[in-house]
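Enquirer: need the 3D shape of this:
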Amino acid sequence: MLAVPGLSSEPPKLAFRNVPDGLARLSQQVPYWKQYWVLFDSAEEVNTLITPQDIRNALQINPINIRTLLTVLIAHFVSLIRSPIFPASAPASSALPIPSWRSASAEEDETRAALNCARVIARILPVIWEDEGEWGRWLWEGGEEIAHPAEAGEEDGEGQFVIDDEDEEAGEETAAKEEGRQEEPTRSAPSPMVQLLDALVDGLFHAGFTLPADAAEGLASGVGSSLTPDSSGPIPTHRSTVLLTLLSALSHPLYTTPPRLTQQPSPTLAHLCRLPRKTYLALLCSLLNTALTPPAARYIGQVSREEDTLPQRAAQTLLVLLCQEGEALEPNVYQKALAKLHRAQDFEFVLEGIRGALDAEAAKGGLVNSVGKAVPVGRRASGPGALEAWLLAWRFVDLNKKFTNHLLSSTHLLPLLSHLLTTLTTYKDSPPHFALLRTLSYLLQSLTSHRALSSTLSSSPLPHSTATRASDALVSAVYALIASTNGQHAGLYQPLLISLANVAPYVKSLSVQSSSRLVALFQAFASPQFLIADEGNPRCVFWMLEFFTHIIHHQFSDNPNLIYAVLRTHERFQALATFTLSGALSEIARAKAAKEEHLRRTGALSPDRKNSLTAVEESSTPPMAAATEEEASERSAREEKERVREREGTLAAAEAAPEQQQQQPAVSPSPQPSELSEKARGKLRERSASVGSIASLGGLGAASANASGILGLESPTGFVATEEWVRSWVQGLPLDSILIAISEIQDSRTPSSATAFLSSATLVGVLPPAPPILPRRFQWTEQSEVWRASLLWGQIYVASGPSQGPWAATQIRLFGIKQAPLSRRDQAIANVTNAMGSMWSAVGGQGRRPSRQGSGQGGLLGSPPQRRGSREGEGTL
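Expert: Numbers count the residues shown, from 1 in each chain. The predicted model follows:
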C-alpha cells in the first residue's frame, strides 16, 4: 500500500517523481553553488564579499557546507581546465564535436567561471590552513595518485623547454618510466588538493586562457624557450589569478610557528616536486621567464592591477618553490634543475632581467640606475620588486656555480655591485627596507668569498660612484651602515666585517679616507665597553684584526695609507694584546667619571640631558667612537685615544646569537705582544691547545658575577663577563703580525715620509708565516632558513594587499603584523566599503550582496536554510 491512511496529501513515494526536490532535481544544477563562479567580476569583489570570519562561522556552524563548496569549486575548475573545448573562444579540434549539453549552457562565461573558481578557492584555503585541527587533512584524503597522462608525450620531441642535463638522470628516469608502464597498479582517484594543483599547473599552459590560442607552451621567451607569445588582452590577468591561487595553496607556512617551520614539510611542495619531469621543467622556466621578461612599454593606466603584478607574482611563486627545502625522500627538483642551467645565453637573460628590475626600482626611489639613465617614475608596468630580484640572484649564486662564475666575469658585476652598495647606504635609516639590507649584507658576504670579485674591487671603479675604486666604495658603505645608524643594524656587523676580511688579501691602494674609516671602526669595536657588553662582541674585533693581518701579509706596500693609520693608533692594538676585565672596568669607570666631572664643571647641559647621557652610558649598549677621517689625520695617537673615550655612546651591541655558522680560521703561532722588543720579535707567546680559532671567541659562558654589575654593563641577554671568558678570546686574537709590523716601523713620524717609506718597505723575513686565506661565504642554518621564509612570505603578504589579499584578516603565525595607520584615501575607501556592506546587509538580510539569481536565502558561507522547496538552501549536492 503506497498511500498512508488518514492523510490527504499525495503519498511521498508517488510525489518523489513530481515534487521539485524529488527525482527532477537529479538532472538540474544547484543554483546556490553556481553563484560562486558567476556572481563576481574581480578578486576585490571576492575578498570584500567573502570574509575570513564568514568562513570561520561556517566551519563552526555547518562545516559540511565549506567542504561541499570546495569540492564543487575544485570539480568545476578541473572540468573546465581539462575540457578540450575550453574556453569557448579557443578553436576546438575538428575531431571533438561540441556536445549537446554544452550548447544548453552557452550563456555561461566559462573563462569567468574558471577565474571565479580560482579566486574563491584562493580566499578559502588560507582559512583552512590556519586551523591546526583536522580540517586541512581531508583535502589530501584519497587514494594514490593516478599516473600523469603527460608521461607518454615526452618521447615525441624535445619541446620548447629544454635544460640539458650533464649526467645520466634523464636516462635513468626513462628506464624507470618503462618499468612503470609494464606493471602499472590500479589506482583510485586523487585527492581534491592533488586535482586542484594539477589543474592549476595545467591552467598556466592553457591556450586561450593563460596563453594565446595559437601559442605553443610557455608563458614567455627566455630560458628554455625561444618563442615570444603575445601577452596582450586579458591573458596576463588570467595568469596572475592562477598564480595567486597556486600561492594560496602553497601558503601553509604562513600559519606555522617559526620553531615548527623546518619540522613540517609542505605537502603542496612535495606534490609539485613529484610532477613529471617535463612538467616541472616547464613550470620552472615559465615562472623564471615571466618574472624577468621586461614589461611592455605601456603606461600603468593601460594595464590592470593583476597584469601589472604578474612579473612580481611569478617571481614570488618561483622563490617559494626554490626556497622551501624538500623532504628527505622528496628532494626539491626545482633547486636541482636550477643548478643544472649552464648556457651563457640563459645566464645573460637572467642577469639582464635582474638588472632591469633593479633599474626600475631605483627609478621609483629616485636612485641612479645601473646604466646612468633616468627611468620615468610610474610610467611603465612593473617588474619584480627589488627584494624579489635580489632573492632570486641570491638563489642563483647559492645553487649554480656556473652562474656565479659567469657573473664574476661578466660586465654585469660592477653595475649589480653598485646597486647593492647604493641600496645599503640609501636605505640604512629606512625601517621598511631593513629586511632588504640584511639580504644584501648576506649576499655581499657570499659574493666576496670569490677571489674574482675581490680582485676586481681594486682594479675598477663602480659606475656612478665618487670613489676612485670599488674597494673604497665597499669600505664607505660598510662604514656608513655601522657608524651612522646608532646600532640599528647591529645584527649585520658580522656579515659586513666578514665581507671586508674576505677581500683583504687582494685589496690595493686604499685611500686615506677609507683607511681612516677602517681604523675608526676597529677603535669602536676594540673599546672596553663594547667588548665586555655581550658574549659575541669580540668576534667583531676578530674580523677587523684579520683584515689588517691579511693586508700586512699580502698587500703591505700597496696600502701605505692604511698601514700609516694603523701606526697612528698603535696604542689601541697594544692595549688589546694585554686586555683584562679589571683593566677594562677601570677604564670605563675613569671615562664615566671624567665625563660627569666635565658636565658638572661646564654646566652646559640641563639636568634632564645629564640624566639622559648617564642612562645611555650605563646601558648595556656599547659605545662607538667613529673618528672622522680629518680628525684621524690631524690628531696624534694620544689625542685620538682621549677623543675616543669622550665620544663613546653611539654604537649598539652586535646580536648575541649570530644567525650563521662560520668556517673556522686557523691562527698561526706568533710572538707574545707583551714581550715584544727590537731584539726579541720572534719569541712566541704561549697559548693553550684549545685556542686557535674564532670558536674560542665568546666560547665560554659567564661563570660568575663580577664588578661589571656596578657599572650597569650587564647584557640584555643576561650575559656577565668574567676574567676566564676574557682570557679565552684574548689569546685567540690574530694580533701578532700587526704588533710586529708596528714595532718594526713605528719610527715613521710625518705623513709624507711615512707613506713614502711604507710604499717601498717590506717585512719579508720578519713576520711569522701568513695565516691561510679562508674566505667565508654565508652558511645557512635552521634559524636563517626560518628568517628567509618569514621574509619571503611577509613580502608576498604585503604585495597582495594586507587589507584585500587572500591572506587578509587571517591568523598569521609565521611573523607578527602591525597595522599601519590608514591613509586618507584608504580610510575613505574603507568607509565606502562599510557603508555598502551595511546596505547589502539591509537588502539581503545576511550581510551579503543580493544574488544575481534573485535568491535572498542564506548567507554566502553560512548555514543555508533547510526548508523544503528551497533549492539554494541545501548543504550538499
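Enquirer: name the nearest residue to Ala741, ignoring sequence neighbours.
Expert: Ile552 (5.0 Å; C-beta to C-beta, 6 or more residues apart in numbering). Placement of C-beta: from N, CA and C, glycine included.
Enquirer: identify the residues contacting the one you found.
Expert: 563, 737-738, 741, 763, 767 (C-beta atoms under 8 Å, 6 or more residues apart in numbering).
Enquirer: host element of the residue nearest to Arg56 when sequence neighbours are not counted?
Expert: Nearest residue to Arg56, sequence neighbours excluded (C-beta to C-beta, 6+ apart): Val127, at 6.3 Å. Element membership of Val127, judged by DSSP states H and E, is helix 110-130.
Enquirer: just Ser79 next, same as before
Expert: Following DSSP H and E, one finds Ser79 within helix 63-82.
Enquirer: hmm, Met193 and Trp140 touching each other?
Expert: Yes - using C-beta atoms under 8 Å, Trp140 is in contact with Met193, at 5.2 Å.
Enquirer: between these two, which is the more surrounded one?
Expert: A direct count of neighbours by other C-beta atoms under 10 Å for Trp140 and Met193 places Met193 higher, at 23 against 14.
Enquirer: for that one, pull up the helix or strand it's in.
Expert: Using DSSP H and E, Met193 falls within helix 192-203.
Enquirer: one more: Ser460?
Expert: Ser460 is part of no helix or strand, with elements assigned from DSSP H and E.
Enquirer: which residues does it contact?
Expert: Counting by C-beta under 8 Å, 6+ apart, Ser460 makes contact with 414, 469-470.
Enquirer: one more time with 6 Å, if that's ok
Expert: Ala470 (C-beta atoms under 6 Å, 6 or more residues apart in numbering).
Enquirer: pLDDT below threshold where in the stretch 551-700 of the chain?
Expert: 603-700 (pLDDT under 70).
Enquirer: picking up where we left off before, for the helix holding Met193, packing partners?
Expert: On a contact count with 3 or more C-beta pairs under 6 Å, 6 or more residues apart in numbering; DSSP states H and E, helix 192-203 meets helix 63-82, helix 235-249.
Enquirer: which of these sits most buried?
Expert: Ranked by mean neighbour count, the helices and strands packed on helix 192-203 are led by helix 235-249 with a mean of 24 (mean count of other C-beta atoms under 10 Å).
Enquirer: for the helix or strand where Ala575 lies, C-alpha coordinates in CSV please.
Expert: Assessed by DSSP H and E, Ala575 sits inside helix 570-577. What follows is helix 570-577, C-alpha atoms only, in CSV (Å, rounded to 0.1, in the frame of the first residue of the first chain):
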residue,chain,number,x,y,z
HIS,A,570,99.1,51.6,17.8
GLU,A,571,98.2,52.1,21.4
ARG,A,572,94.8,50.5,21.0
PHE,A,573,96.3,47.4,19.3
GLN,A,574,98.9,47.1,22.0
ALA,A,575,96.3,47.6,24.7
LEU,A,576,94.2,44.9,23.2
ALA,A,577,97.0,42.4,23.5
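Enquirer: can we start the residue count at 379 from this point?
Expert: Fine by me, first position is 379 from now on; the one you just mentioned is helix 948-955.
Enquirer: what residues of the next helix or strand after it count as buried?
Expert: For helix 948-955, the following helix or strand on the C-terminal side (DSSP H and E) is helix 959-980. Neighbour-count burial for helix 959-980 flags 959, 962-963, 965-966, 969-970, 973 (criterion: 16 or more other C-beta atoms under 10 Å).
Enquirer: any chance of the residues you listed in a markdown table, plus distance to Leu700?
Expert: Listed next are the buried residues of helix 959-980 as a markdown table, based on distance: C-beta to C-beta, whole Å:
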| residue | distance to Leu700 |
| --- | --- |
| Leu959 | 47 |
| Ala962 | 47 |
| Leu963 | 50 |
| Glu965 | 50 |
| Ile966 | 48 |
| Ala969 | 50 |
| Lys970 | 52 |
| Lys973 | 53 |
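Enquirer: picking up where we left off before, show me what the helix holding Met571 is in contact with.
Expert: 452, 455-456, 459, 517-518, 523, 620, 623-624, 649.
Enquirer: before we move on, the earlier item: check which helices and strands the helix holding Ser457 sits against.
Expert: Using 3+ C-beta pairs under 6 Å, 6+ apart as the test, helix 441-460 ends up in contact with helix 430-439, helix 488-508, helix 570-581.
Enquirer: out of those, which is closest to Gln823?
Expert: helix 488-508 (34.2 Å; C-beta to C-beta).
Enquirer: now do the closest one: everything it contacts.
Expert: Contacts of helix 488-508 (C-beta under 6 Å, 6+ apart): 414-415, 418, 421, 424, 428, 430, 433, 451, 454-455, 458, 464-466, 513-514, 619-620, 622-623, 626-627, 630, 633, 1184-1185, 1188-1189.
Enquirer: residues of it that come out buried?
Expert: Of the residues in helix 488-508, 488-489, 491-508 count as buried by neighbour count, 16+ other C-beta under 10 Å.
Enquirer: how about stretch 926-942?
Expert: Neighbour-count burial for stretch 926-942 flags 926-934, 936-942 (criterion: 16+ other C-beta under 10 Å).
Enquirer: same question, stretch 1146-1155
Expert: By 16+ other C-beta under 10 Å, the buried positions in stretch 1146-1155 come out as 1146, 1149, 1151, 1153-1155.
Enquirer: wasn't the residue nearest to Ala1119 part of a helix?
Expert: Yes - counting by DSSP: H, G, I helix; E, B strand; the rest coil, Ile930 is part of a helix.
Enquirer: ok, it to Trp772 distance?
Expert: In this structure, Ile930 and Trp772 are 33 Å apart, going by C-beta to C-beta, to the nearest Å.
Enquirer: now stretch 631-651: average pLDDT?
Expert: Confidence over stretch 631-651 (mean pLDDT, whole number) is 90.
Enquirer: can you give me the distance of the nearest residue in space to Ser1168 that is not next to it in sequence to Trp921?
Expert: Spatial nearest neighbour of Ser1168, excluding adjacent residues (C-beta to C-beta, 6+ apart): Phe1193 at 4.7 Å. Going from Phe1193 to Trp921 by C-beta to C-beta gives 30 Å.
Enquirer: neighbour count for the two, which is higher?
Expert: Of the pair Phe1193 and Trp921, Trp921 is the one with more neighbours under other C-beta under 10 Å, namely 28 against 15.
Enquirer: now that one: closest residue in space, sequence neighbours ignored.
Expert: Per C-beta to C-beta, 6+ apart, closest to Trp921 is Leu875, 3.8 Å.
Enquirer: quick one, grab the pLDDT at Thr695.
Expert: At Thr695, pLDDT is 97.
Enquirer: state the phi and psi torsions of it.
Expert: Backbone torsions for Thr695, taken as degrees, to the nearest 10, come to phi -60, psi -40.
Enquirer: give the contact list for it.
Expert: By C-beta under 6 Å, 6+ apart, Thr695 lies in contact with 621, 625, 665.
Enquirer: neighbours of Thr1140, how many?
Expert: Thr1140 has 9 neighbours, counted by other C-beta under 10 Å.
Enquirer: try the one 5 residues further on
Expert: Using other C-beta under 10 Å, Leu1145 is surrounded by 22 other residues.
Enquirer: I'd say it and Ser1115 touch.
Expert: Yes - taking C-beta atoms under 6 Å as the definition, Leu1145 is a contact partner of Ser1115 at 5.3 Å.
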